[in-house]
Each structure stands twice: as C-alpha cells, then as structure tokens.
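In: Just to be clear, the model below is a prediction. Sequence and coordinates:
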Amino acid sequence: MATIQTKGLTYRYGIGTPFEKTAVDHVDLEIESGSFVGIIGHTGSGKSTLIQHLNGLLKPTEGSILLDGKDIWAEKAQMRQVRFRVGLVFQYPEYQLFEVDVLSDVCFGPKNQGLSKEECEAQAKEALQLVGFPEKYYHQSPFELSGGQKRRVAIAGILAMHPKVLVLDEPTAMLDPNGRKEVLRSVMELRKREHITVILITHYMEEVVGADYVYVMEKGKIVMDGTPREIFSKVDELKA
Ligand code: ADP
C-alpha cells in the first residue's frame with residue numbers, strides 16, 4: 001500500500017483577491033512505503049506548498065491526501081497523529097530551533113507526544129546519534145552551532161518523534177558541499193536503519209540520483225515523473 005497518495009491536489013493562495021494564485025495544480029503523487037522520493041523544480045514551482053499538505057499544515061483547496069489509504073482530513077481529531085507520523089523539516093530548519101540547549105530542543109517533540117522526561121531524553125539522544133551529532137555539544141545553545149550542526153539538530157528534533165515519513169524541504173540549501181553531503185548521508189543511513197519513507201525536495205539534481213522515484217514540478221504541476229534514470233535521460237527537456 002502506498003504510504004502517501006495525493007489525488008487532484010490543488011491549492012490556491014489568496015482566493016477571491018486580486019493576488020489569487022494556483023500554487024499546486026491537480027497533483028497526483030503515489031509514494032510507496034519505505035521509498036526515497038525526490039521532488040525537483042525551480043523556485044516558485046509549488047514544491048513547498050505541495051509538501052506542507054502532506055502533514056496537514058495546509059488544507060487543499062481541492063483534492064485529497066491519503067495516508068495509508070485514509071484521507072487525512074476525514075477526521076479532524078486524527079490530525080495530531082498525522083503530524084507525528086509525517087515529520088516535516090522546513091527549508092531553514094535552524095529557525096525551528098528555540099530551546100536553551102540542544103538536548104532540550106530535540107526533546108520538545110517527544111515531550112509534546114506525552115512521553116516522560118526519561119523517554120524523551122532517550123529518544124532525543126538516539127535521534128542525535130542517528131544524525132551524527134557529537135555528544136559533547138548536547139548542552140550547548142543550538143544558536144552557537146555551525147550551519148550544518150544546526151540542521152542536524154533540527155532534523156533530530158523531527159526524528160525523535162519517530163515519524164514514518166520524513167519530508168525534507170531543501171535540507172542542504174545554504175550549506176557548503178561538505179555540509180550537504182553529511183546531512184544527506186545521515187538521512188540516507190537513517191532511512192536504511194529505520195525503514196522510513198523519505199521525500200526530498202531539492203533543486204540539486206545530483207541529490208536525487210539515488211532516489212527510487214522522482215517528480216519534476218513546474219508551475220504547480222507535475223510535468224515529469226519516473227526513475228532518476230528516466231528523468232536524467234530527458235535532461236534536455238528538463239532544462240527547457
Ligand atoms: P517552491 O517551493 O517550488 O519554491 P512555493 O510553493 O514556495 O514554490 O511557491 C509556489 C507559488 O506560490 C509561487 O508563485 C509563490 O510566489 C506562491 N506563494 C507561496 N507562498 C505564498 C503565500 N503565502 N501567499 C501567496 N503566494 C504564495
């Protein structure tokens with residue numbers, strides 16, 4: 001069964017105003033459980049708007065999102081569970097950091113899930129280890145860390161909630177090539193270990209070479225989809 005499916009998903013900003021804009025236009029995705037899926041496209045093509053639907057941050061103007069076959073908007077009471085199952089890491093995840101030290105920051109999610117202090121800390125430490133964050137900095141302020149480390153902490157904060165699906169919006173933007181490689185490597189290791197589904201938004205084509213499936217977005221629509229091999233064989237079309 002597909003973990004995540006969207007059917008005719010459409011989102012318009014500013015409905016009824018002169019600024020009305022269809023940011024996502026009848027998008028159908030089918031993302032298998034445990035797969036690694038890439039979504040690529042230019043800035044403004046609708047990628048961020050699309051993925052904010054996957055954990056219910058935005059409600060579709062039209063169409064639906066199914067998580068394990070169930071419409072996530074069918075029962076409002078279920079939305080909390082949806083948010084825990086689908087973890088979303090924003091484009092600049094360091095802006096999601098706000099606690100006094102790294103460990104408290106990563107504990108925030110599990111604490112919200114109602115776990116005890118001990119359980120939270122255990123899950124937070126496990127998540128920090130998974131992303132390769134050094135233990136000696138656990139009690140440092142997250143604001144004093146390097147860009148790459150901040151990003152690891154932010155990703156760990158989502159992982160500590162044990163999501164089944166991890167959605168990353170340009171997790172390597174603004175990082176140097178080493179930082180980019182490191183962040184991606186830890187995500188891929190994690191996927192192998194935990195068998196989670198990973199959805200990666202990027203505009204670096206090389207970051208989706210290892211994906212199982214790739215969607216290309218343009219002006220709110222999926223204009224191409226296939227395996228990376230299929231997509232890269234149409235590279236001229238893609239550049240156009
Ligand atoms: P991407 O993630 O591919 O850069 P976005 O989803 O951010 O694309 O944007 C898709 C379109 O929606 C763009 O034209 C953008 O200007 C517009 N848009 C994004 N956010 C808003 C908003 N809050 N209000 C109005 N328009 C928006």
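Out: Cool, got the structure. Numbering: from 1, shown residues only.
In: for the chain, what helix or strand is lowest in average pLDDT?
Out: Ranking every helix and strand in the chain by mean pLDDT, DSSP states H and E puts helix 235-239 at the bottom, with a mean of 72.
In: what comes into contact with that one?
Out: 216, 224, 231, 232 (C-beta atoms under 8 Å, 6 or more residues apart in numbering). Heads up, the C-betas are built off the backbone N, CA and C, glycines and all.
In: Three-state assignment for the residue nearest to the third one when sequence neighbours are not counted, please.
Out: What sits nearest to residue 231 in space, not counting adjacent residues and going by C-beta to C-beta, 6 or more residues apart in numbering, is residue 214, at 4.8 Å. The three-state label given to residue 214 by DSSP: H, G, I helix; E, B strand; the rest coil is strand.
In: Who are the contact partners of the residue nearest the centre of the chain?
Out: Per C-alpha atoms, centre = their mean, the C-alpha nearest to the average position across the chain is that of residue 167, at 1.6 Å. Going by C-beta under 8 Å, 6+ apart, residue 167 touches 51, 54, 55, 86, 87, 88, 89, 199, 201.
In: On the three-state scheme, it is what?
Out: Counting by three-state DSSP, the backbone at residue 167 sits in strand.
In: Now stretch 71-89: average pLDDT?
Out: What stretch 71-89 shows for mean pLDDT is 89.
In: So that stretch, near the ligand or not?
Out: No: judged by C-beta under 6 Å from any ligand atom, stretch 71-89 stays clear of the ligand, getting no closer than 12.8 Å.
In: So for that stretch, what gets flagged as buried?
Out: Neighbour-count burial for stretch 71-89 flags 72, 73, 78, 82, 83, 84, 85, 86, 87, 88, 89 (criterion: 16 or more other C-beta atoms under 10 Å).
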